[in-house]
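A structural model of the following input is requested.
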Amino acid sequence: MKRTGPPLRVLLAALAGVATVVLLGYGASLILRPTMLRLAVGPAQSEHAKIAPALAQIMVREEASVRLKPVPVQGFEDAARMIDAGKAEIAILRSDVAMPDDARTVAILSRNAAVFLAAARNGIIEMPDLLDRRIGVLRLGPLNERMLDTILAFYGMTPAQVRRVGLQPEEIGPALRDGRVDAVMVIGPPAGALVTNAVQEVARFTGAVPTFVPIREAAAFAQRNPSFEAIEIPRGSYGATPALPGLPLPTVGVTFRLVADVDVSSAAVTELTRTLFEHRRDLAEAAPAAIGLEAPDTGIAARHPVHPGAAIYLDGEELGFIDKYIDWIYLGAMASGLVASGGAALWTRRRSRVDAAEHRSERLMELLQAARKAPDIAALEAIEAEADEILLQVMRRAAEEEEETGRLIAARLGLDHVRAAIRERRALFTH
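Numbering: from 1, shown residues only. I've put the predicted structure just below:
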């Protein structure tokens, strides 16, 4: 009788190899293809709008695995709505704009402080002295006006009890000199040119050292209004002789944050965060609004939760290649093992072993999903115990029944992947 066994075995092995190569090739193409994230930012003429194209160019130049597509919007409120509507994955937002429920902080780009200045002759020394006065607000707009109203309300004043006048930078000095306003509010980076120039203009046009009006209860204000934070401007920030201000100046301010939707993969956000901080100097040169770039609080009690992907980089826990792409490595190895074992099953007609291997693979995938959604540490420990039991079974079969190498590798990779998910989930509970 003519033997057909060896040719069929070779054919099955070849088919298994082709299937594995195709799957791994497809997975590799997805791994190597840059992830595109849409970045909502506006208004178009703002300083922060310059960050988007600058950062996008850096990502391209550095051949990062993440690329950015700037999406211009009218303002911070619109950027927040883009996240909510799923029309952008990341955005630049101001902290006193309602944050989307699913937004998580990636980085703090800058801080703006509210600095109140008055001409010495006007007798305004403390915040309550602003009652029934005229306040010039630099670049008066809805957000800055709302910030002023919030500060006044903290001191028991209504919007109607303080008249506000919109001013441009060149109008500050003349307005105080001519008595059109009694004080001015400037909102800008604490040590930036906007506030520094305003201080110098007040001194030049009034002929006297300006009065800095402190918000002495800044910490209490920030506690009551979590969208704001207490800021202390060091003595001499705007001049050394004489020192301006003469004492450390307590005030309040807002932060400008780069945020990402919580559903954006941790690997993509980790890459974004790494590129952002490693090339912060290049970014600041192209977009001065990012000169104050700093890491957010990654603690579990932080006011603004941090994206897990950003926390991985900021806490020094960035994953290696195997950890990032173990999904595809695991699936590829699993496919190789399953296809090869399927061919062996056709040849040997021992279907029971194939069924067992498929059941193990399916169970490991179920454990992987369960680990990513585990509600507590106890659930994670139960998942880890079951995964260890599966590995023990596979190793026993390998010793007793000559389990195929592909199945053993697939099971071990599957367990490694489950453990990686357990480790990442446990980190969220312990931070």
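
which non-adjacent residue is nearest Phe212?
Using Cβ to Cβ, 6 or more residues apart in numbering and skipping the chain neighbours, the partner closest in space to Phe212 is Pro245 (4.3 Å). Placement of C-beta: from N, CA and C, glycine included.

scratch that, Pro288 is what I was asking about
Pro288 sits nearest to Glu47 (Cβ to Cβ, 6+ apart), 6.7 Å away.

what's near enough to touch that neighbour?
287-289 (Cβ atoms under 8 Å, 6 or more residues apart in numbering).

residue ranges with poor pLDDT in this protein?
1-32, 317-357, 398-408, 431 (pLDDT under 70).

try it again with 50
Under the criterion pLDDT under 50, the flagged ranges of the chain are 1-5, 26, 28-30, 321-322, 328, 346-347, 349.

could you find the residue nearest the spatial middle of it?
Nearest residue to the geometric centre of the chain (Cα atoms, centre = their mean): Val106, 1.9 Å.

would you say Leu415 is within a strand?
No - Leu415 is assigned helix when assessed by DSSP: H, G, I helix; E, B strand; the rest coil, not a strand.

that one against Ile390, yeah?
Yes - assessed by Cβ atoms under 8 Å, Leu415 is found in contact with Ile390 at 7.1 Å.

mutual contacts of these two, please.
Here Leu415 and Ile390 have Leu364 as joint contacts, going by Cβ under 8 Å, 6+ apart.

what about the residue nearest to Phe212, which helix or strand?
Pro245 belongs to no helix or strand when assigned by DSSP states H and E.

sorry, back to before: now the residue nearest to Pro288: how far from Glu232?
Glu47 sits 23 Å away from Glu232, going by Cβ to Cβ, to the nearest Å.

tell me which helix or strand comes right after whichever strand in the chain runs longest.
Among the segments of the chain that qualify as a strand by DSSP state E, the longest is strand 103-118. Of the helices and strands lying after strand 103-118 in sequence (DSSP H and E), the nearest is strand 134-138.

direction included, what does that next one pair up with?
strand 163-167 (parallel), strand 183-188 (parallel) (DSSP bridges).

hey, which of the ones you listed is tucked in deepest?
strand 183-188 (a mean of 24; mean count of other Cβ atoms under 10 Å).

hang on, the earlier thing: list the contacts for the residue nearest to Phe212?
Neighbours of Pro245 in contact, by Cβ under 8 Å, 6+ apart: 212, 233, 235-238.

same check on Phe256?
Applying Cβ under 8 Å, 6+ apart, the residues near Phe256 are 48, 92-95, 108-112, 289.

now for these, which pair is the farthest apart?
Spatially, the most separated pair among these is Ser95 and Ala289, at 14.7 Å (Cβ to Cβ).

shouldn't Lys50 be in contact with Ala289?
Yes - when contacts are counted by Cβ under 8 Å, Lys50 is listed as touching Ala289 (6.5 Å).

looking at those two, which is more packed in?
Ala289 (22 against 18; other Cβ atoms under 10 Å).

and the gap between the nearest residue to that one once chain neighbours are set aside and Val195?
Closest residue in space to Ala289, ignoring its immediate chain neighbours: Glu47 at 3.8 Å, by Cβ to Cβ, 6+ apart. Noted for Glu47: a distance of 14 Å to Val195, by Cβ to Cβ.

what angle do the longest strand of the chain and strand 183-188 make?
Calculated by axes from the mean of the first three to the mean of the last three Cα atoms, to 10 degrees, strand 103-118 forms an angle of 150 degrees with strand 183-188.

next one: strand 103-118 to chain centre, how far?
The chain centre lies 16 Å from the centre of strand 103-118; the measure is Cα atoms, centre = their mean, to the nearest Å.

now the strands: where do they sit in this structure?
35-41, 66-72, 90-94, 103-118, 134-138, 163-167, 183-188, 211-213, 229-233, 249-261.

quick one on the thing from earlier: for the residue nearest to Ala289, phi and psi?
Note on Glu47: backbone dihedrals following degrees, to the nearest 10 are phi -60, psi -40.

and the longest strand of the chain with strand 249-261, angle?
Using the same axes, to 10 degrees: strand 103-118 against strand 249-261 is 160 degrees.

just the angle between strand 103-118 and strand 229-233, please?
50 degrees.

ok, the nearest residue to Arg94 once chain neighbours are set aside to Leu247 distance?
Nearest in space to Arg94, with sequence neighbours left out and distances taken as Cβ to Cβ, 6+ apart, is Phe76 at 4.6 Å. Going from Phe76 to Leu247 by Cβ to Cβ gives 33 Å.
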